[in-house]
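Chemist: task: produce atomic coordinates for the following.
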Amino acid sequence: MSHTPSTARGRATRQRILDATAELIQRRGVAAVTLDDVERAADVGRSQLYHYFDDRDDLVRAVVHSTVDTVLAAQEPLLQRLDSLAGIDRWFAAIVANGTRHDAVGGCAIGSLAAQLGGRDELARQAFVDAFARWEAPLIAGLRQMQESGELRADSDVTELADLTMAAIQGGLLLAQVRRKPDQLRLALRGARAALENELVPRA
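Modeler: Next up, the predicted model:
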């Protein structure tokens, strides 16, 4: 289990190791990254690595959690306002804009790691279960608020709608990454929006 330092200097060193490892994984893939690579990239020794992380697997799992924190922190203001279709539209627009800024080649940082590590061990798989649950939770909460306000049908399954939306996001990001165009992401989100819109209470 990774260790959280008690000093600012220790926390900075640990974060530098995580950032260096995440960058290496993004460029090379998990399988191609060694602890020697991490030491050189983060400018640390093996004793420092083992001071903060039990082993390579522990380091990689810590990268997963750090990546999730980074992705969700970037979306935090939008995730807190998913209690209306307008708020969801703003969130979708930000996801597309982010993909466009990166030429639609980066895909989803969480999804990319999940594809490489999800079947590796139970701890890694559970880390991704938790990651997507954290990402989906604000949407479920927002949809429930829409139900309570009478905007969304009372019999709508908000968890199912949230699952559909997250699947559209992940699928759209993957296709955008493969095709190097954001068009597929826009199309996937358009489909998710149509499903959400279909559950709205008709206005009199």
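Chemist: centre of the chain versus the lengthiest helix in the chain, how much separation?
Modeler: Secondary structure of the chain per DSSP state H: the longest helix is helix 122-148. Centroid displacement of helix 122-148 relative to its chain, using Cα atoms, centre = their mean, to the nearest Å, is 11 Å.
Chemist: stretch 162-175 now?
Modeler: 11 Å.
Chemist: just the helices in this structure please.
Modeler: 8-28, 35-42, 46-52, 56-79, 85-101, 109-117, 122-148, 158-179, 183-198.
Chemist: and the protein, what are its domains?
Modeler: 1-54, 57-198 (automatic domain parsing).
Chemist: let's have those in JSON lines, adding mean pLDDT.
Modeler: Listed next are these as JSON lines, based on pLDDT from 0 to 100:
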{"stretch": "domain 1-54", "mean pLDDT": "90"}
{"stretch": "domain 57-198", "mean pLDDT": "89"}
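Chemist: want to try CSV for these, with mean neighbour count as columns?
Modeler: C-beta: built from backbone N, CA, C; applies to glycine. Below are the domains of the chain laid out as CSV (neighbours: other Cβ atoms under 10 Å):
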stretch, mean neighbour count
domain 1-54, 15
domain 57-198, 17
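Chemist: centre-most residue in the chain?
Modeler: residue 110 (4.2 Å; Cα atoms, centre = their mean).
Chemist: touching, that one and residue 129? I think so.
Modeler: No - the criterion here is Cβ atoms under 8 Å, and residue 110 misses it with residue 129 at 11.6 Å.
Chemist: not counting sequence-adjacent ones, nearest residue to residue 164?
Modeler: residue 195 (5.7 Å; Cβ to Cβ, 6 or more residues apart in numbering).
Chemist: what distance do you get for that neighbour to residue 83?
Modeler: Residue 195 sits 17 Å away from residue 83 when distances are taken as Cβ to Cβ, to the nearest Å.
Chemist: same question, residue 203
Modeler: 17 Å.
Chemist: tell me the contacts of the residue nearest to residue 164?
Modeler: 161, 164, 165 (Cβ atoms under 8 Å, 6 or more residues apart in numbering).
Chemist: same deal with residue 29?
Modeler: Counted by Cβ under 8 Å, 6+ apart, residue 29 has contacts residue 116.
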